[in-house]
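Peer 1: missing the sequence, but the structure's below:
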């Protein structure tokens, strides 16, 4: 099986696993693949940190335009492929992009839940 897609890892880190064959296959792969297991572990730590963060943890409340930009970026077409990076920088850069993607998704989900009147 190919590596688990980053978007799928984010869903699993958020606790959105279902009884579907796709999730079961992804979880079986993660059990056997150190790379995917590490990525899921990192994303889960980001999710935990984001869920336990309090407003006082932020230096100031982000302006409305920040939330609008995150929402806009999450729902637009995927960006063009990036140029290849030198091998030494590749894993760290990929990890950073995954962490930022996970955090942006969490923030957008939080914002959407707040707008729908759900709990914060």
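Peer 2: Done, it's in. Only a predicted model underlies this, so the values are computations on that prediction, with no experimental measurement involved.

Peer 1: Where does the prediction get shaky in the chain?
Peer 2: Along the chain, the parts satisfying pLDDT under 70 run over 1, 55, 57-58, 61, 77-96, 98-99, 110, 113-114, 116-120.

Peer 1: Point to the residue nearest the middle of it.
Peer 2: Centroid-nearest residue in the chain: residue 102, 1.7 Å away (criterion: CA atoms, centre = their mean).

Peer 1: just checking, that residue touches residue 44?
Peer 2: No: if you go by CB atoms under 8 Å, residue 102 and residue 44 don't touch, sitting 9.2 Å apart. For glycine as for every other residue, the C-beta is placed from the backbone atoms N, C-alpha and C.

Peer 1: returning to that earlier point: can you tell me the element the residue nearest to the centre of the chain falls in?
Peer 2: In this assignment (DSSP states H and E), residue 102 forms part of helix 87-115.

Peer 1: one step back: mutual contacts of residue 102 and residue 44, please.
Peer 2: Jointly contacting residue 102 and residue 44 under the rule CB atoms under 8 Å, 6 or more residues apart in numbering are residue 13.

Peer 1: Give me the distance between the residue nearest to the centre of the chain and residue 5.
Peer 2: 13 Å (CB to CB, to the nearest Å).

Peer 1: follow-up on the earlier one: return the residues in contact with the residue nearest to the centre of the chain.
Peer 2: Contacts of residue 102 (CB under 8 Å, 6+ apart): 10, 13, 43, 46, 47.

Peer 1: Against which helices or strands is the helix or strand residue 45 falls within packed?
Peer 2: Using DSSP H and E, residue 45 sits within helix 34-52. Contact here means 3 or more CB pairs under 8 Å, 6 or more residues apart in numbering; DSSP states H and E; on that basis helix 34-52 packs against helix 6-13, helix 21-32, helix 87-115.
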